[in-house]
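K.L.:
I'd like to go over a predicted model; first the sequence, then the structure.
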Amino acid sequence: MDELFVVGIDRGGCLSEEARRCLERAGVIFASPRLRDVFSQMAGSSGLLGKCRVLEKVDDTVAALRQSRGKAVVLASGDPLFFGIARRLLEEFPPEKVHIVPGVSSVQRAFARARLPWEDALFVSFHGPRRRDWSLDDLPLLCERHGKLAILTGGENTSRDVAARLPRGAVVFVCERLGYPDERVRRSTPAGVRRMTVREPSLLLVLAPPGERPLLGVDEEEMEHERGLITKDEVRA
């Protein structure tokens, strides 16, 4: 492999001139099954789709790149350096051979849909391999310290699992299938998210005032009870 271009694409965008030049120069284009479907809508009748090779696992993509010759492209989701495949590729290949063309990340699109600035947010991923030593149990403390989080979910850690660890007073924006025709953004509470059916791919935007500590006990709206027959918060705590 002489050169490797990592090109970020997303379902709601289009190919930039830079991205199209990279794709036209490549001898082979590697993509996951989902991104191949996205790419098919963007490539149209250009003939680029004929170069596409579908591989599901990152390890298989790395192995195929080692055997390829000339210029290759790996399609990534959104910004390849934002919890994406570009980090792994920079570890596997000489950085001077790797060229990155970022697209719009799902988090950028989510904050735009929610009409929220995002320069002060903390970004956490529970989707795929994690790059930090965070667990779901760390979420109450992260909310207390930062107040605004963007949380990527998926796999074993669903939106419901994340919501179960969020402080009771948090505001949660559930962002589903961003860029797809059936995308949806819903504002809710942690308890409300736990009752939702959330479609993938998805992510959560969480607003919790800094310093708001998780409350003891279980909130009334999280419990089933008959005609208000329930002990008070303080007693349950």
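P.N.:
Received the coordinates, thanks. Residues are numbered from 1 along each chain as shown.

K.L.:
got a pLDDT number for the residue nearest to the spatial centre of the chain?
P.N.:
By CA atoms, centre = their mean, the chain has its centre lying nearest to residue 152, at 4.3 Å. As predicted, residue 152 sits at a pLDDT of 93.

K.L.:
Just to check, residue 155 is in contact with residue 161?
P.N.:
No: look at residue 155 against residue 161 with CB atoms under 8 Å: they stay out of range, at 10.2 Å. For glycine as for every other residue, the C-beta is placed from the backbone atoms N, C-alpha and C.

K.L.:
about what we covered before: check the gap between the residue nearest to the centre of the chain and residue 183 for me.
P.N.:
Relative to residue 183, residue 152 is positioned 16 Å away (CB to CB, to the nearest Å).

K.L.:
Repeat that for residue 193.
P.N.:
Residue 193 sits 17 Å away from residue 183, taking CB to CB as the criterion.

K.L.:
same deal with residue 119?
P.N.:
From residue 119 to residue 183 the distance is 23 Å (CB to CB).

K.L.:
Please say which of those two ends up with more neighbours.
P.N.:
Shown here are residue 119 and residue 183; by other CB atoms under 10 Å, residue 183 has more neighbours (17 against 6).

K.L.:
Where do the strands of the chain begin and end?
P.N.:
Listed in chain order, the strands of the chain (DSSP state E) span 3-9, 28-31, 52-54, 71-77, 98-101, 122-125, 148-152, 171-176, 184-188, 202-207.

K.L.:
okay, those in a markdown table with distance to residue 91 next?
P.N.:
Putting the strands of the chain into a markdown table (distance: least, CB to CB, whole Å) gives the following:
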| stretch | distance to residue 91 |
| --- | --- |
| strand 3-9 | 13 |
| strand 28-31 | 17 |
| strand 52-54 | 22 |
| strand 71-77 | 14 |
| strand 98-101 | 10 |
| strand 122-125 | 17 |
| strand 148-152 | 20 |
| strand 171-176 | 29 |
| strand 184-188 | 34 |
| strand 202-207 | 25 |
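
K.L.:
Can you tell me which of these is nearest to residue 40?
P.N.:
Nearest of the strands of the chain to residue 40, taken as CB to CB: strand 52-54 at 8.1 Å.

K.L.:
tell me the mean pLDDT over that closest one?
P.N.:
Computed over strand 52-54, the average pLDDT equals 95.

K.L.:
on that earlier part again, which among the strands of the chain is found nearest to residue 230?
P.N.:
Of all the strands of the chain, it is strand 184-188 that lies closest to residue 230, at 22.2 Å by CB to CB.

K.L.:
For the closest one, could you pull out the residues that count as buried?
P.N.:
185, 188 (16 or more other CB atoms under 10 Å).

K.L.:
what's the answer for stretch 148-166, then?
P.N.:
Applying a neighbour-count criterion of 16+ other CB under 10 Å, one finds 148-153, 157-159, 162-163, 165-166 buried in stretch 148-166.

K.L.:
next one: stretch 197-206
P.N.:
Using 16+ other CB under 10 Å as the test for burial, stretch 197-206 gives 198, 201, 202, 203, 204, 205, 206.

K.L.:
Which single one of these is nearest to residue 76?
P.N.:
Checking the buried residues of stretch 197-206 one by one against residue 76 (CB to CB), the nearest turns out to be residue 201, at 13.6 Å.

K.L.:
pLDDT wise, what is the closest one at?
P.N.:
pLDDT recorded at residue 201 is 88.

K.L.:
Leaving out chain neighbours, which residue sits closest to residue 124?
P.N.:
residue 151 (4.9 Å; CB to CB, 6 or more residues apart in numbering).

K.L.:
quick one: the one you found from residue 208, how far?
P.N.:
Taking CB to CB, one finds residue 151 at 12 Å from residue 208.
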